[in-house]
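Trainee: Following is a predicted model, sequence given first.
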Amino acid sequence: MQIQDIRQRLRALAARPVHEDRILRAWLQARALDQRTRRQSEHYYPLSLRKGLPALQADLEALARIRSVHPGSDGSARLLVELADGQTVESVLLPRGGICVSTQVGCAVGCQFCMTGQSGLLRQISSAEIVAQVVLARSLRKVDKVVFMGMGEPSHNLDNVLDAIELLATHGAIGHKNLVFSTVGDPRAFERLPQGQVKPALAVSLHTTDAALRARLLPRAPRITPAELVEQAESYAQATGYPIQYQWTLLAGINDGDDEVERLIPLLKGKKAMMNFIPFNSVEGSGFQRPSEERAWEMTQALRRHGIIACLRDSAGQDVDGGCGQLRARALGQQPD
Ligand code: SF4
């Protein structure tokens, strides 16, 4: 089911635009579709709409359900979410009111350090299923920020992700800069995002300044150089006023050297940018190691000394299979306990 299907169904039930807006808002706030406005709906909703709402409510609830909740010690919680066809994806409740949602089941980019990438793309997630992850999170707690950084490359499911972003902004009371679109650098994202009514903030998975290494680590990411990627991202940052949130998974002995720091500084200095270093969340058999805390801090401080905003972050819920796709892999028995 897509968002457009929900709208068409409401119209088929004789909903007027004002009804449609009210019902979509109720859904996005995780309320019963006619709960808050029941008295109004008795007077104003057409009979066909009143009769059709319970079935629609049931269908929306069937889009996604929480299979398990895994609270982390950092205030986050990983949710294993089951979609209507039995496929599972991960959503993460982030500390301070954010949620990270998945946009695909699996992912075609195949990043070497990512469990999701190892399965390849299994299917797209519909626009309604993306929104349903936010609704599920709101059934648990307040959500005022949505980052599209869970399983999948949002640019590979662009129409559905952009439809979800628009609905979350217009009917979900989420500010544009609190919607964070993430990409490995797909040109379609740079083409489409500036054209949208709703312009989300942008996160770019950079991971290295070395084009050849990047091609190895992200084997099916677009073949543009890190410098070209930063240039395109910077244009979007200047157009929107939101800094680009660069993501860098730190892999010991791979992309945590002084050479990377020396190339990063001129690349980001003076740009509307912030760097998030995320030490790799060790997975048995991955072939990658987590760098020491000291080394991660050295890199962070080196950028800061040059006036670049840099943060050292842990993958949320690190203590509960925090890397993307690890929870799902364990649920499917693809990763040892
Ligand atoms: Fe896909 Fe992101 Fe995993 Fe790379 S890190 S394989 S883009 S889900």
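Mentor: Cool, the structure landed. Numbers count the residues shown, from 1 in each chain.
Trainee: May I have the residues that are in contact with residue 87?
Mentor: Contacts for residue 87 (CB atoms under 8 Å, 6 or more residues apart in numbering) come out as 105, 122, 123. Glycine gets a C-beta too; all of them are placed from N, C-alpha and C.
Trainee: Most neighbours among those residues, which one is it?
Mentor: residue 105 (21 neighbours; other CB atoms under 10 Å).
Trainee: Other residues contacting the helix or strand where residue 277 lies?
Mentor: Take DSSP states H and E as the rule and residue 277 turns out to sit in strand 273-279. Contact partners of strand 273-279, identified using CB under 8 Å, 6+ apart, comprise 230, 233-234, 237, 243-250, 264, 268, 290-291, 293, 296, 299-300, 303, 308-315.
Trainee: That strand: what's the following helix or strand?
Mentor: Criterion used, DSSP H and E; the element after strand 273-279 is helix 293-305.
Trainee: thinking again about what came up before, just the contacts of strand 273-279 that are near the ligand?
Mentor: Among the contacts of strand 273-279, no residue is within reach of the ligand (CB under 6 Å from any ligand atom).
Trainee: Determine how far the helix or strand where residue 259 lies lies from the middle of the whole chain.
Mentor: Assigned by DSSP H and E, residue 259 falls within helix 258-268. Centroid displacement of helix 258-268 relative to its chain, using CA atoms, centre = their mean, to the nearest Å, is 27 Å.
Trainee: relative to helix 293-305, how tilted is it?
Mentor: In terms of direction (axes from the mean of the first three to the mean of the last three CA atoms, to 10 degrees), helix 258-268 departs from helix 293-305 by 30 degrees.
Trainee: so where does the closest residue to residue 194 other than its chain neighbours fall, helix or strand?
Mentor: Excluding the flanking residues, the one nearest residue 194 by CB to CB, 6 or more residues apart in numbering is residue 239, at 5.6 Å. Using DSSP H and E, residue 239 falls within helix 226-240.
Trainee: what angle separates that helix from strand 273-279?
Mentor: 130 degrees.
Trainee: Show me which parts of helix 226-240 are buried, residue by residue.
Mentor: Buried residues in helix 226-240, counted by 16 or more other CB atoms under 10 Å: 226, 229, 230, 232, 233, 234, 236, 237, 240.
Trainee: so the residue nearest to residue 194 makes contact with residue 196?
Mentor: No - contact criterion CB atoms under 8 Å: residue 239 and residue 196 do not qualify, at 11.4 Å.
Trainee: Check the residue in the stretch 51-200 of the chain positioned nearest to the ligand and give its pLDDT.
Mentor: Closest to the ligand within the stretch 51-200 of the chain is residue 117: 2.7 Å, counting by CB to the nearest ligand atom. We have a pLDDT of 84 for residue 117.
Trainee: So which residues of the protein form helices?
Mentor: 3-12, 17-28, 38-44, 47-63, 115-118, 127-140, 158-170, 187-192, 211-217, 226-240, 258-268, 293-305, 326-331 (DSSP state H).
Trainee: Could you save those helices as CSV and add columns showing distance to residue 177?
Mentor: Shown next, in CSV, are the helices of the chain (distance: least, CB to CB, whole Å):
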stretch, distance to residue 177
helix 3-12, 22
helix 17-28, 18
helix 38-44, 33
helix 47-63, 27
helix 115-118, 26
helix 127-140, 16
helix 158-170, 10
helix 187-192, 17
helix 211-217, 27
helix 226-240, 8
helix 258-268, 20
helix 293-305, 22
helix 326-331, 28
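Trainee: For the stretch 151-300 of the chain, which residues are neighbours of the ligand?
Mentor: Counting by CB under 6 Å from any ligand atom, the residues of the stretch 151-300 of the chain close to the ligand are 151, 152, 153, 184.
Trainee: May I ask which of the residues you listed has the most neighbours?
Mentor: Result: residue 152 is most packed of those (other CB under 10 Å), 31 neighbours.
Trainee: Surely that residue is in contact with residue 111?
Mentor: No - under the criterion of CB under 8 Å, residue 152 is not in contact with residue 111, lying 11.5 Å apart.
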